[in-house]
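S.K.: need a 3D model of the following:
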Amino acid sequence: MGTLILCACVVSKMKCMKKRFLLLAGCFFALSAGLNAQELFIDDFEGEAKDWQVIGDAALTVESNPFPDAMNSSAKVLKVVCEGPDGAIYNGISGPILNQLAIPVGMGAGQYRYAHVKVYYGQTETLVLSLESGPSDNFGSPWSDVGTGNLNKWVDLVIDCQGAPAGNYGTIFVMPGRINSEEWYGDKKASQVFYLDDIRFSNDPNPYNPNPTPNPIPEPTDDYAVLDNFENGLVNFSSQLNEMADASFSVVENPSKSGINTSDKVLQVTRNADNTGAWAGFWADLTVASVPRCDMNKYHYAHFKLLQDIGADGLTASFKVEGGAGTPPALEMNAMNGSILVNEWQDVIFDLTAADGGGEYTRIAVMPDRADNRPAHSVYIDDIIFTKTQNLPSGISNVLAVINSIKVNVEGNVTDITFNLEQTAVTNVSVYNISGQLMDRQVINGINGINSVKTVVNTPGVYVVKVAVGNKALVTKFIK
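M.R.: Predicted structure coming up:
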């Protein structure tokens with residue numbers, strides 16, 4: 001029998017006799033419509049009772065929730081009493097067990113990486129979750145501790161199953177009071193009461209949040225999906241950004257509200273030492289809500305805005321998707337843009353059409369400063385977006401992706417306006433004074449690449465440059 005023990009040490013072979021505890025005689029548990037790509041509920045103890053049994057020194061009853069709160073306002077919960085015989089210390093390998101399951105654990109399509117159990121404890125304790133009748137024998141992961149800050153209230157414990165060999169597990173065994181029964185711990189207890197509820201599996205590493213921060217990110221459409229814009233000061237698409245090449249990250253104020261990016265908040269990505277790996281950046285597992293936004297059968301391009309302060313030969317940016325349900329399971333691409341601009345915001349584009357067929361991807365990696373021998377410094381990214389076509393659709397940006405940037409250089413009365421196009425297009429270049437009066441307009445047949453237009457400005461002041469292709473435009477200001 002394969003067994004997955006979710007704790008820091010291997011639980012020894014059980015010598016306890018199983019005592020059947022039938023909450024409802026003859027009830028057979030089968031996976032129901034709760035099994036979907038988002039979440040698999042094992043039991044919420046609200047409806048028809050499941051065929052839970054007990055192992056060791058435990059007694060089970062389904063009771064009314066004695067401590068309803070925002071985290072758990074449900075009507076019914078499972079009460080577990082662990083009590084040793086005749087006042088002796090109870091056996092820590094005690095608790096409810098449920099068989100006849102098929103819990104798909106792993107990183108692939110239709111599998112789950114995290115278990116969740118809501119608990120109410122009156123004293124510090126450690127919960128251990130064991131998955132049995134599967135492909136693994138004696139797999140260990142860290143204890144799930146309930147510390148002093150989480151006592152006397154409902155808490156959603158999240159248990160990481162990512163180290164488990166992939167496959168279906170047929171049995172779940174919950175040991176809610178593991179440590180206080182062991183001889184090598186002080187403060188041992190002869191009896192303890194635990195309350196459990198909402199046992200489920202998902203791909204979301206975040207505990208249930210009854211009061212989530214309002215999300216400023218627009219809903220996906222058939223044409224695009226915004227993964228994050230950081231405007232609420234948070235990283236919204238993942239619970240954790242994991243460093244690559246010793247990089248660090250934080251959401252900060254936009255250091256240059258100009259050009260194509262006048263938003264308030266951006267993500268700062270910092271190289272903390274010289275000559276770290278070219279791949280400096282981060283990888284992140286997407287939240288359950290974010291995974292559908294990374295559907296490469298639906299969207300074929302990735303974008304993010306980049307502010308780079310140090311140029312270099314061969315400098316680019318890279319974007320990777322991983323964990324695809326189909327083929328390919330992963331794809332990494334460098335930016336399509338060619339040269340990376342310096343000291344101005346640029347829409348960096350990645351062609352992910354080769355990932356069509358991979359379906360929804362569960363992990364991304366972002367390398368915004370991809371080159372060798374880079375110094376310690378920071379770059380900034382914003383507006384991570386997936387699109388159906390290469391161009392950013394109307395409504396999420398004031399610029400078509402064909403116009404990457406505008407750069408203005410003032411030499412005396414002559415102003416040199418340089419902009420980059422991704423394709424040949426008829427382009428209107430206009431200059432206005434701060435009052436909105438048109439000072440100059442030129443129409444050119446823009447080429448794929450760098451274009452330049454010169455205009456004469458005699459009077460000192462603030463001016464606006466507008467570069468337009470069709471009905472979309474990119475705008476910036478300059479001072480004479």
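S.K.: tell me where the stretch 101-250 of the chain has strands.
M.R.: For the stretch 101-250 of the chain, the strands defined by DSSP state E, counting those that start in this stretch cover 103-105, 114-120, 125-134, 144-146, 154-160, 167-169, 171-175, 191-202, 224-228, 242-244, 247-253.
S.K.: sorry, wrong one. I was asking about the stretch 251-400 of the chain.
M.R.: Using DSSP E, counting those that start in this stretch, strands in the stretch 251-400 of the chain cover 265-271, 281-285, 301-307, 316-322, 330-334, 346-351, 363-370, 378-387.
S.K.: just the mean pLDDT for the longest one, thanks.
M.R.: With pLDDT averaged residue by residue, strand 378-387 scores 96.
S.K.: need the CA coordinates for that strand. PDB is fine.
M.R.: C-alpha atoms of strand 378-387 as PDB (Å, rounded to 0.1, in the frame of the first residue of the first chain):
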ATOM      1  CA  SER A 378      16.900  47.400 -10.900                       C
ATOM      2  CA  VAL A 379      14.500  47.200 -13.800                       C
ATOM      3  CA  TYR A 380      10.700  47.700 -13.600                       C
ATOM      4  CA  ILE A 381       7.900  45.800 -15.300                       C
ATOM      5  CA  ASP A 382       4.100  46.400 -15.400                       C
ATOM      6  CA  ASP A 383       0.900  45.300 -17.100                       C
ATOM      7  CA  ILE A 384       1.600  41.600 -17.800                       C
ATOM      8  CA  ILE A 385      -1.000  40.700 -20.500                       C
ATOM      9  CA  PHE A 386      -1.800  37.800 -22.700                       C
ATOM     10  CA  THR A 387      -3.400  38.600 -26.100                       C
END
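S.K.: now do that strand and strand 224-228, the angle between them.
M.R.: Here strand 378-387 runs at an angle of 150 degrees relative to strand 224-228 (axes from the mean of the first three to the mean of the last three C-alpha atoms, to 10 degrees).
S.K.: and the third one, by the same measure?
M.R.: With the same axes, to 10 degrees defining the directions, strand 301-307 sits at 40 degrees from strand 224-228.
S.K.: not counting its own residues, what contacts strand 301-307?
M.R.: 255-256, 260-261, 266, 317, 319, 321, 340, 343-353, 366, 368, 379-390, 392, 401 (C-beta atoms under 8 Å, 6 or more residues apart in numbering). In short, each C-beta sits where N, CA and C put it, glycine included.
S.K.: what angle separates it from strand 330-334?
M.R.: Using the same axes, to 10 degrees: strand 301-307 against strand 330-334 is 50 degrees.
S.K.: likewise the fourth one?
M.R.: Regarding strand 316-322 and strand 330-334, their directions subtend 170 degrees when assessed with the same axes, to 10 degrees.
S.K.: which helices and strands does strand 316-322 pack with?
M.R.: strand 281-285, strand 301-307, strand 330-334, strand 346-351, strand 363-370 (3 or more C-beta pairs under 8 Å, 6 or more residues apart in numbering; DSSP states H and E).
S.K.: could those strands be laid out in a markdown table, adding mean pLDDT?
M.R.: Formatted as a markdown table, the helices and strands packed on strand 316-322 follow (pLDDT from 0 to 100):
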| stretch | mean pLDDT |
| --- | --- |
| strand 281-285 | 95 |
| strand 301-307 | 95 |
| strand 330-334 | 94 |
| strand 346-351 | 92 |
| strand 363-370 | 96 |
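S.K.: need the ones you listed in CSV with mean neighbour count, can you?
M.R.: As requested, the helices and strands packed on strand 316-322 are exported to CSV (neighbours: other C-beta atoms under 10 Å):
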stretch, mean neighbour count
strand 281-285, 22
strand 301-307, 24
strand 330-334, 17
strand 346-351, 23
strand 363-370, 23
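S.K.: dump those into JSON lines; add distance to residue 451 as well.
M.R.: What follows is the helices and strands packed on strand 316-322, written out as JSON lines (distance: least, C-beta to C-beta, whole Å):
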{"stretch": "strand 281-285", "distance to residue 451": "31"}
{"stretch": "strand 301-307", "distance to residue 451": "21"}
{"stretch": "strand 330-334", "distance to residue 451": "24"}
{"stretch": "strand 346-351", "distance to residue 451": "15"}
{"stretch": "strand 363-370", "distance to residue 451": "25"}
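S.K.: still on that earlier bit, list just the one of the strands of the stretch 251-400 of the chain that sits closest to residue 228.
M.R.: Of all those, strand 378-387 sits nearest to residue 228, with 5.1 Å by C-beta to C-beta.
S.K.: tell me how far residue 69 lies from residue 467.
M.R.: Counting by C-beta to C-beta, to the nearest Å, the gap from residue 69 to residue 467 is 56 Å.
S.K.: redo the strands of the stretch 251-400 of the chain as TSV? Include distance to residue 52.
M.R.: Converted to TSV, these look like this (distance: least, C-beta to C-beta, whole Å):
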stretch	distance to residue 52
strand 265-271	45
strand 281-285	31
strand 301-307	46
strand 316-322	37
strand 330-334	40
strand 346-351	49
strand 363-370	35
strand 378-387	43
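S.K.: centroid-nearest residue for this structure?
M.R.: Centroid-nearest residue in the chain, with C-alpha atoms, centre = their mean: residue 238, separated by 2.1 Å.
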